[in-house]
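Trainee: just coords:
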């Protein structure tokens with residue numbers, strides 16, 4: 001038989017998720033949330049950030065214990081569940097596993113952990129035996145606490161999402177009224193009260209009892225004088241609980257407070273009451289306060305939901321699914337029920353405040369089924385209010401665009417570190433995201449955000465300061481074979497090779513480039529190949545701008561499908577496009593145009609556009625201005641892809657298009673003269689070296705030394721040399737040790 005203690009489950013990645021209640025990919029997010037919840041429960045103002053792999057939780061509270069031993073016990077996976085978590089009050093913590101999960105994640109992943117408090121930095125080193133080592137040094141932090149965690153490579157960290165749960169808890173913390181009082185004997189059943197007393201250990205019973213509402217010091221001494229908390233039997237504990245209830249009035253649900261109208265443009269409904277939680281002996285009378293928020297979305301948007309318990313997001317998986325046109329299925333954490341929310345898509349946010357939330361797993365997955373009825377009432381009320389609000393004629397909701405524009409300056413400062421660093425569009429999105437969540441209570445759409453930023457840049461005539469965009473295509477240089485990703489940073493560093501190509505072929509279809517490169521087409525035509533994913537991207541247009549600024553003339557050719565969007569690619573590259581001036585190169589459209597495709601008898605695809613008609617009248621696909629009227633009509637329901645051509649047919653078609661542009665690159669006379677001089681010098685150097693080596697009998701000497709080296713090599717154990725070499729350099733391939741030995745042997749025979 002094998003035995004293992006419960007705490008050992010915290011020191012291995014494979015079992016830590018069982019105790020944490022989340023998969024490994026969410027451990028980093030849970031670490032940030034647990035540390036944030038602890039700081040918020042202490043009544044502190046909290047900030048979180050992620051820098052260079054570190055999760056940093058900072059607060060302005062009273063600080064942690066400055067005693068190394070106390071800190072070591074606090075951040076130890078071996079410590080038992082703390083009795084403070086068994087005292088039922090409406091805080092974010094429930095099990096007391098929070099710091100054990102944090103410490104276990106550091107230990108299991110080989111990470112790092114330090115705490116700054118009371119002008120000392122404590123480096124904490126969790127160990128396999130469950131204890132934690134501590135070393136310290138001075139630092140400047142007279143008030144508050146900083147907890148810094150860096151997890152090892154076995155725990156993935158997504159910088160975009162690692163702080164999401166923590167940020168949501170911080171954003172919700174200051175709103176509404178919250179309960180700061182003592183626990184109540186009415187909030188325990190007989191069994192949970194007995195377990196709390198046992199967990200208190202040998203502490204005087206009277207010290208425990210004064211933590212309860214309406215229990216004075218004299219009353220506590222009356223019931224517990226001279227007794228230890230854990231000395232109470234189950235029967236004695238049950239009698240004591242009954243006695244405490246007799247001297248303490250049952251708290252009304254209203255004392256828990258409520259969040260109120262927190263989320264802008266969300267309808268709010270509140271439900272409060274008491275549920276009875278059965279156990280051994282007397283049941284617990286558990287009050288609750290439920291805040292539900294509903295906002296209607298657009299018809300093409302989906303339904304979303306977010307659930308919180310005591311103002312912190314739950315980590316259990318929740319989802320929503322339409323069952324009927326007006327009913328929404330809420331699934332997860334004990335719920336699998338339908339709620340009537342109306343026909344329009346909704347965003348739903350719910351917070352349940354309660355001194356004790358029953359859980360179904362070690363990872364604190366709440367049992368929301370116990371609150372099914374009040375949840376249903378609160379959600380349906382909020383949905384009805386939202387329907388009335390969205391139907392109002394007067395008054396106007398703030399649009400997503402207005403929220404983005406109103407918070408953009410501050411978001412740029414945050415994403416760039418006050419203009420110290422470059423930042424990506426997605427980083428900017430996450431800097432604006434909290435304002436969008438506050439305003440609308442649902443996840444903002446990244447693609448819509450990107451479009452708004454493009455519009456803002458178009459109006460300004462330039463990019464946002466410091467912004468860069470990720471690569472969305474490549475440019476291939478003929479003769480060199482070099483491929484350069486098309487991203488903002490790459491484009492800014494782009495240096496066109498001199499006198500290498502005078503043409504560029506653009507296509508949105510990257511697949512054709514393999515055919516062209518295999519046949520040597522780019523080299524034969526001195527033509528670079530340029531592609532970008534989807535519609536002609538900004539980075540591609542930037543490359544064209546840079547080429548137009550050089551002294552060499554450049555022709556830019558565009559090929560595309562014979563469809564409506566294909567014609568717009570050419571138009572977008574020739575007109576003054578968004579956030580860019582007009583192109584500074586010669587842009588030539590090669591097609592494929594619809595009339596050409598029909599003449600070539602290529603396969604025509606017929607379709608019905610999803611947006612072809614509506615109750616408001618017909619909606620037409622946009623087509624480039626150069627397309628004649630009759631073909632504009634044709635493109636509304638028909639298209640031909642470049643892929644309709646076979647590879648030989650495509651090459652023949654493209655060669656025919658290029659026939660009048662087939663001139664090769666020929667630099668001016670000064671460039672030719674300089675190049676010829678360099679080539680002559682290289683030829684003379686090569687030929688002279690060959691003559692000198694021949695006259696010196698170089699080849700014969702090489703053969704003689706090689707024969708001698710091979711003779712000596714017969715005594716070598718090559719297998720042993722390779723195995724030993726790979727032990728010394730495990731990152732190398734098997735032939736690397738042979739090369740090292742060959743160099744040593746060559747030096748030996750050359751020395752004679």
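Mentor: Everything's here; your move. Note that this is a predicted model, so its numbers are computed, not measured.
Trainee: Give the other helices and strands that the longest helix along the chain contacts.
Mentor: Taking DSSP state H as the criterion, the chain has its longest helix at helix 669-695. In terms of contacts (3 or more Cβ pairs under 8 Å, 6 or more residues apart in numbering; DSSP states H and E), helix 669-695 is not packed against any helix or strand. C-beta here means a position set from N, CA and C on the backbone, and glycine is covered the same way.
Trainee: can you give me the mean pLDDT across that helix?
Mentor: Averaging pLDDT along helix 669-695 yields 86.
Trainee: quick one: contacts of whichever helix or strand comes after that helix?
Mentor: Where DSSP states H and E defines the elements, the next helix or strand beyond helix 669-695 is helix 698-713. With contact meaning Cβ atoms under 8 Å, 6 or more residues apart in numbering, helix 698-713 is reached by 693, 745-746, 748-750.
Trainee: And the next helix or strand past helix 698-713?
Mentor: Toward the C-terminus from helix 698-713 - assigned by DSSP H and E - lies helix 718-728.
Trainee: tell me which strands and helices that following helix is in contact with?
Mentor: Looks like helix 718-728 contacts helix 735-751 (3+ Cβ pairs under 8 Å, 6+ apart).
Trainee: Name the residues of the helix it packs on that are buried.
Mentor: 737, 741, 745, 749 (16 or more other Cβ atoms under 10 Å).
Trainee: dump the residue contacts of the second one.
Mentor: For residue 741, the contact set (Cβ under 8 Å, 6+ apart) comprises 716, 718, 721, 725.
Trainee: how about 10 Å then?
Mentor: Residue 741 makes contacts with 713, 716, 718, 721-722, 725, as judged by Cβ atoms under 10 Å, 6 or more residues apart in numbering.
Trainee: The stretch 51-200 of the chain: strands as residue ranges?
Mentor: 54-59, 112-117, 120-126, 132-138, 145-150 (DSSP state E, counting those that start in this stretch).
Trainee: Export these to CSV and append columns for mean neighbour count.
Mentor: Below are the strands of the stretch 51-200 of the chain laid out as CSV (neighbours: other Cβ atoms under 10 Å):
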stretch, mean neighbour count
strand 54-59, 22
strand 112-117, 21
strand 120-126, 19
strand 132-138, 14
strand 145-150, 21
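Trainee: Please dump these into CSV; it should also carry distance to residue 466 and mean pLDDT for every row.
Mentor: Formatted as CSV, those follow (distance: least, Cβ to Cβ, whole Å; pLDDT from 0 to 100):
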stretch, distance to residue 466, mean pLDDT
strand 54-59, 23, 94
strand 112-117, 30, 94
strand 120-126, 32, 93
strand 132-138, 36, 93
strand 145-150, 27, 94
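Trainee: Could you name the stretch from those that's closest to residue 329?
Mentor: strand 54-59 (34.7 Å; Cβ to Cβ).
Trainee: For the closest one, which strands pair with it and how are they oriented?
Mentor: strand 46-51 (antiparallel), strand 145-150 (antiparallel) (DSSP bridges).
Trainee: Any idea which of those gets closest to residue 523?
Mentor: Comparing the strands paired with strand 54-59 under Cβ to Cβ, the one sitting nearest is strand 46-51, at 47.1 Å.
Trainee: For residue 730, grab the count of nearby residues.
Mentor: 7 (other Cβ atoms under 10 Å).
Trainee: Who are the contact partners of it?
Mentor: By Cβ under 10 Å, 6+ apart, residue 730 has no neighbours at all.
Trainee: And it, how far from residue 680?
Mentor: Counting by Cβ to Cβ, to the nearest Å, the gap from residue 730 to residue 680 is 49 Å.
Trainee: Check residue 207 too.
Mentor: 98 Å.
Trainee: Which of those two has more residues huddled nearby?
Mentor: Counted by other Cβ under 10 Å, residue 207 and residue 680 do not tie: residue 207 has more neighbours, with 13 against 10.
Trainee: Now for the more buried one, which secondary structure element holds it?
Mentor: Residue 207 belongs to helix 205-209, assigned by DSSP H and E.
Trainee: Which SSE is immediately downstream of that helix?
Mentor: helix 217-224.
Trainee: Give me the buried positions along the biggest strand by length in the chain.
Mentor: Counting residues, the longest strand found in the chain (DSSP state E) is strand 284-296. For strand 284-296, the neighbour count (16+ other Cβ under 10 Å) marks 284-296 as buried.
Trainee: same question, stretch 636-645
Mentor: Buried residues in stretch 636-645, counted by 16+ other Cβ under 10 Å: 636, 638-642, 644-645.
Trainee: For the residues you listed, work out which two are farthest apart.
Mentor: 636 and 645 (23.2 Å).
Trainee: what's near enough to touch residue 306?
Mentor: Contacts of residue 306 (Cβ under 10 Å, 6+ apart): 168, 293, 313-314, 318, 347-351, 437, 441-443.
Trainee: now the stretch 501-650 of the chain, which segments are flagged as low pLDDT?
Mentor: 533-542, 544-546, 548-551, 574-585, 609-619 (pLDDT under 70).
Trainee: can you map out the strands along it?
Mentor: Under DSSP E, counting those that start in this stretch, the stretch 501-650 of the chain gives strands at 503-507, 527-532, 555-559, 586-591, 605-606, 638-639.
Trainee: Tell me which strands the last one pairs with, and in which orientation.
Mentor: This points to strand 638-639. strand 605-606 (antiparallel).
Trainee: Please apply the same query to the fourth one.
Mentor: Strands adjacent to strand 586-591 in the sheet, as given by DSSP bridges, are strand 555-559 (parallel).
Trainee: Hey, what's the angle from the strand it pairs with to strand 527-532? Just curious.
Mentor: With axes from the mean of the first three to the mean of the last three Cα atoms, to 10 degrees applied, the angle from strand 555-559 to strand 527-532 works out at 50 degrees.
Trainee: Buried residues of strand 555-559, list them for me.
Mentor: For strand 555-559, using 16+ other Cβ under 10 Å, the buried residues are 555-559.
Trainee: what sits against the residue nearest in space to the middle of the chain?
Mentor: Residue closest to the mean C-alpha point of the chain, counted by Cα atoms, centre = their mean, is residue 160 at 3.0 Å. Residue 160 sits next to 50, 426-427, 429-430, 433 when contact means Cβ under 10 Å, 6+ apart.
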